[in-house]
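Sequence below, structure please.
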Amino acid sequence: MKNTFDFVMDDLIEKYSIEDLEETFTKLNIKNIYVFREISKKEDLEKDFILPKSKILKLKKAYLLKEPSLAHFYKKKELFLVTSQSLKNNTVISTSKNIPFLYNPLSDKLIFDEQNARSCFQHKVKVIFNYNLLRDKPLQNKYLKQNLFIVNLLKIHLVDFTFASFAKTKEDLVSRDILFSLLKNFDLEESFILKILSKGMVDNKW
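Presented below is the predicted three-dimensional model:
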């Protein structure tokens, strides 16, 4: 599988040496890494965010915003996602002209509906799922049915979406082949899975 990517958290970069990460990602056939820092408040922006240099991996800084109101601090050239925490948040995110990505619309109860899907299509908002929620058995039982429902809505309304690890440890990472097999549970065609796992799903909005 060519042109592969993953979204990881900055915890991963802080825990391991760049040599260790290069070896791990090379084995997994992943070369493009978007490293996310979680932003809960404006003051978080003042903290240093420096990525190690690598001759093998392409590392890019990115941001995971906890609230839609934080989006106006970012320039269009910077990749950022806004966390989906409620139906209200999803409505704000999906109708925004300035928020390119909605992160993980899964919760204890359904917080993403058909109107959200329509709005995402209209405003070209992409949806990003955390696939580690589906690898853990207790979480899988909790979220799989909801995830299937939302993915179906996104397909019906032609909304772009993809899956990433948001890894904090190396154990959170899987190869693209394993992820490919996992996504077959969503009744997706192989060509469609290859499309949503390509780096182009991210870059054509960045």
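
And the most centrally placed residue in the chain, how far from E19?
Nearest to the geometric centre of the chain sits I128, at 3.9 Å (C-alpha atoms, centre = their mean). I128 sits 29 Å away from E19, going by C-beta to C-beta, to the nearest Å. For glycine as for every other residue, the C-beta is placed from the backbone atoms N, C-alpha and C.

Which strand or helix spans K109?
Using DSSP states H and E, K109 maps to neither a helix nor a strand.

Check I178 too.
According to DSSP H and E, I178 maps onto helix 176-183.

And for that helix, what's in contact with it?
1, 4, 28-30, 131, 134-135, 163, 174, 190, 193-194, 196-197 (C-beta atoms under 8 Å, 6 or more residues apart in numbering).

of those, closest to E114?
I196 (20.3 Å; C-beta to C-beta).

Name the SS class of L106, please.
Secondary structure assignment for L106 (DSSP: H, G, I helix; E, B strand; the rest coil): coil.

Angles on the backbone of it, please.
phi -120, psi 140 (degrees, to the nearest 10).

Nearest residue to it in space, please, no chain neighbours.
Y143 (4.9 Å; C-beta to C-beta, 6 or more residues apart in numbering).

just R37 next, same as before
Per C-beta to C-beta, 6+ apart, closest to R37 is D10, 4.9 Å.

Assess the claim that the one you found and V35 are in contact.
Yes: using C-beta atoms under 8 Å, D10 makes contact with V35 at a distance of 5.5 Å.

which ones are touching the residue nearest to R37?
Contacts of D10 (C-beta under 8 Å, 6+ apart): 35-38, 49.

go on, L188?
151, 155, 196 are the contacts of L188 under C-beta under 8 Å, 6+ apart.

what's near enough to touch the first one?
Think V151. Contacts for V151 (C-beta under 8 Å, 6+ apart) come out as 161, 186, 188.

Please tell me how far it sits from N89.
On the measure of C-beta to C-beta, V151 and N89 end up 19 Å apart.

And the helix holding I178, what's buried?
Within helix 176-183, the residues that count as buried by 16 or more other C-beta atoms under 10 Å are 176, 179-180, 182-183.

In JSON lines, list these along with pLDDT.
JSON lines is the format used below for these (pLDDT from 0 to 100):
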{"residue": "R176", "pLDDT": "82"}
{"residue": "L179", "pLDDT": "88"}
{"residue": "F180", "pLDDT": "87"}
{"residue": "L182", "pLDDT": "84"}
{"residue": "L183", "pLDDT": "87"}
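
Return the member of those residues nearest to D44.
Minimum distance to D44 across these is 29.6 Å, recorded for L179 (C-beta to C-beta).

Would you map the helices across this structure?
10-15, 18-27, 87-94, 114-123, 132-135, 137-156, 176-183, 190-196, 200-203 (DSSP state H).

I'd like these laid out as TSV, including distance to S69.
Below are the helices of the chain laid out as TSV (distance: least, C-beta to C-beta, whole Å):
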stretch	distance to S69
helix 10-15	22
helix 18-27	33
helix 87-94	9
helix 114-123	17
helix 132-135	25
helix 137-156	24
helix 176-183	32
helix 190-196	29
helix 200-203	24
